[in-house]
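1. just coords:
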(Lines give C-alpha, C1' and ligand atoms only; values in the text may rest on other atoms or scores of the structure.)
Protein backbone atom coordinates (compact mmCIF):
# COMPACT_ATOMS: atom_id res chain seq x y z
CA UNK A 1 0.00 0.00 0.00
CA UNK A 2 1.35 3.50 -0.79
CA UNK A 3 2.29 5.90 2.00
CA UNK A 4 -0.73 7.93 3.12
CA UNK A 5 -0.34 10.71 5.66
CA UNK A 6 -3.63 10.26 7.59
CA UNK A 7 -4.43 12.07 10.84
CA UNK A 8 -7.54 10.94 12.71
CA UNK A 9 -7.21 13.42 15.57
CA UNK A 10 -9.85 16.19 15.63
CA UNK A 11 -7.54 19.15 14.93
CA UNK A 12 -9.97 21.99 15.69
CA UNK A 13 -12.87 20.52 17.67
CA UNK A 14 -15.82 22.84 18.25
CA UNK A 15 -16.05 26.63 18.34
CA UNK A 16 -12.86 27.22 16.38
CA UNK A 17 -12.29 29.11 13.15
CA UNK A 18 -10.86 26.81 10.49
CA UNK A 19 -8.86 28.56 7.76
CA UNK A 20 -9.13 25.93 5.03
CA UNK A 21 -6.97 27.74 2.41
CA UNK A 22 -4.19 28.03 5.02
CA UNK A 23 -4.53 24.33 5.85
CA UNK A 24 -4.27 23.42 2.15
CA UNK A 25 -1.25 25.70 1.62
CA UNK A 26 0.60 24.06 4.53
CA UNK A 27 0.41 20.55 3.03
CA UNK A 28 3.51 19.27 1.26
CA UNK A 29 2.64 15.57 1.01
CA UNK A 30 1.19 13.90 -2.08
CA UNK A 31 -1.54 12.20 -0.04
CA UNK A 32 -2.61 14.03 3.11
CA UNK A 33 -5.79 13.55 5.15
CA UNK A 34 -6.63 15.45 8.36
CA UNK A 35 -9.79 15.39 10.46
CA UNK A 36 -10.66 19.06 10.92
CA UNK A 37 -13.71 18.82 13.15
CA UNK A 38 -16.49 16.56 14.41
CA UNK A 39 -20.15 17.30 13.72
CA UNK A 40 -22.49 15.10 15.74
CA UNK A 41 -21.54 11.53 14.73
CA UNK A 42 -19.61 12.58 11.61
CA UNK A 43 -16.18 13.98 10.88
CA UNK A 44 -15.14 16.58 8.32
CA UNK A 45 -11.77 15.74 6.81
CA UNK A 46 -9.50 17.71 4.53
CA UNK A 47 -7.67 15.78 1.85
CA UNK A 48 -4.89 17.17 -0.30
CA UNK A 49 -4.09 14.47 -2.79
CA UNK A 50 -2.27 13.66 -6.00
CA UNK A 51 -2.14 10.20 -7.53
CA UNK A 52 -4.38 7.28 -6.65
CA UNK A 53 -5.69 5.58 -3.53
CA UNK A 54 -6.14 1.81 -3.35
CA UNK A 55 -9.43 0.01 -4.04
CA UNK A 56 -11.50 -0.36 -0.87
CA UNK A 57 -14.99 -0.18 0.63
CA UNK A 58 -16.65 0.87 3.86
CA UNK A 59 -19.06 -1.80 5.04
CA UNK A 60 -21.31 0.39 7.17
CA UNK A 61 -20.60 4.01 6.22
CA UNK A 62 -21.37 6.29 3.28
CA UNK A 63 -18.60 8.70 2.22
CA UNK A 64 -19.14 12.21 0.81
CA UNK A 65 -16.51 14.04 -1.28
CA UNK A 66 -16.52 17.76 -2.17
CA UNK A 67 -13.80 19.14 -4.44
CA UNK A 68 -12.44 22.50 -3.30
CA UNK A 69 -9.77 22.79 -5.99
CA UNK A 70 -8.48 20.45 -8.70
CA UNK A 71 -10.20 17.33 -10.01
CA UNK A 72 -11.17 14.08 -8.30
CA UNK A 73 -11.92 10.84 -10.12
CA UNK A 74 -13.88 8.22 -8.21
CA UNK A 75 -13.64 4.78 -9.80
CA UNK A 76 -16.53 2.49 -8.85
CA UNK A 77 -16.62 -1.29 -8.97
CA UNK A 78 -18.10 -2.24 -12.33
CA UNK A 79 -16.15 0.22 -14.44
CA UNK A 80 -17.92 3.56 -13.87
CA UNK A 81 -15.82 6.63 -13.08
CA UNK A 82 -17.35 9.75 -11.54
CA UNK A 83 -15.42 12.95 -12.35
CA UNK A 84 -15.71 15.82 -9.87
CA UNK A 85 -14.44 19.28 -10.66
CA UNK A 86 -14.22 22.30 -8.36
CA UNK A 87 -17.27 22.71 -6.10
CA UNK A 88 -18.83 19.40 -7.15
CA UNK A 89 -19.69 16.64 -4.69
CA UNK A 90 -20.61 12.96 -4.67
CA UNK A 91 -21.61 10.38 -2.06
CA UNK A 92 -20.24 6.85 -2.36
CA UNK A 93 -22.79 4.53 -0.72
CA UNK A 94 -21.68 2.10 1.95
CA UNK A 95 -20.36 -1.28 0.80
CA UNK A 96 -19.44 0.01 -2.70
CA UNK A 97 -15.90 -0.84 -3.78
CA UNK A 98 -14.18 2.34 -4.98
CA UNK A 99 -10.90 4.21 -5.28
CA UNK A 100 -10.13 7.88 -5.64
CA UNK A 101 -7.61 9.39 -8.04
CA UNK A 102 -6.35 12.92 -8.60
CA UNK A 103 -4.48 13.65 -11.85
CA UNK A 104 -3.03 16.80 -10.25
CA UNK A 105 -2.87 18.29 -6.75
CA UNK A 106 -6.48 18.35 -5.54
CA UNK A 107 -8.04 19.60 -2.31
CA UNK A 108 -11.19 17.90 -1.08
CA UNK A 109 -13.45 17.84 1.94
CA UNK A 110 -14.84 14.50 3.06
CA UNK A 111 -17.75 13.94 5.42
CA UNK A 112 -18.16 10.49 6.92
CA UNK A 113 -19.01 8.64 10.10
CA UNK A 114 -16.55 9.31 12.91
CA UNK A 115 -15.78 5.59 13.17
CA UNK A 116 -14.90 5.02 9.52
CA UNK A 117 -11.46 3.67 8.66
CA UNK A 118 -10.20 5.99 5.88
CA UNK A 119 -8.29 3.13 4.27
CA UNK A 120 -11.38 0.88 4.07
CA UNK A 121 -12.72 -2.17 5.87
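-> Sure, I can see it. Since this is a predicted model, take the numbers as computed values, not measurements.
2. and residue 101, what are its phi and psi?
-> Phi and psi for residue 101, reported as degrees, to the nearest 10, are phi -140, psi 150.
3. show me the residues around it that make contact.
-> 51-53, 72-75 (CB atoms under 8 Å, 6 or more residues apart in numbering). (Each C-beta comes from the backbone N, C-alpha and C, glycine too.)
4. Where do the strands of this structure begin and end?
-> 5-7, 31-39, 42-52, 63-69, 71-76, 81-85, 89-92, 98-113 (DSSP state E).
5. Quick one: the ones you listed as TSV, columns for mean pLDDT too.
-> Shown next, in TSV, are the strands of the chain (pLDDT from 0 to 100):
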stretch	mean pLDDT
strand 5-7	87
strand 31-39	94
strand 42-52	95
strand 63-69	97
strand 71-76	98
strand 81-85	98
strand 89-92	98
strand 98-113	96
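6. With distance to residue 20 as new columns, can those strands be given to me in a markdown table?
-> Output for these, formatted as a markdown table (distance: least, CB to CB, whole Å):
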| stretch | distance to residue 20 |
| --- | --- |
| strand 5-7 | 15 |
| strand 31-39 | 8 |
| strand 42-52 | 7 |
| strand 63-69 | 7 |
| strand 71-76 | 16 |
| strand 81-85 | 17 |
| strand 89-92 | 15 |
| strand 98-113 | 8 |
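7. what's the closest of these to residue 22?
-> Ranking these by proximity to residue 22 (CB to CB) places strand 42-52 first, at 10.9 Å.
8. List the buried residues in the closest one.
-> By 16 or more other CB atoms under 10 Å, the buried positions in strand 42-52 come out as 42-49.
9. and the angle from it to strand 71-76?
-> Orientation check (axes from the mean of the first three to the mean of the last three CA atoms, to 10 degrees): strand 42-52 against strand 71-76 gives 100 degrees.
10. Show me what strand 42-52 is packed up against.
-> Counting contacts by 3 or more CB pairs under 8 Å, 6 or more residues apart in numbering; DSSP states H and E, strand 42-52 packs against helix 20-25, strand 31-39, strand 98-113.
11. can you do 6 Å?
-> If you count contacts as 3 or more CB pairs under 6 Å, 6 or more residues apart in numbering; DSSP states H and E, strand 42-52 packs onto strand 31-39, strand 98-113.
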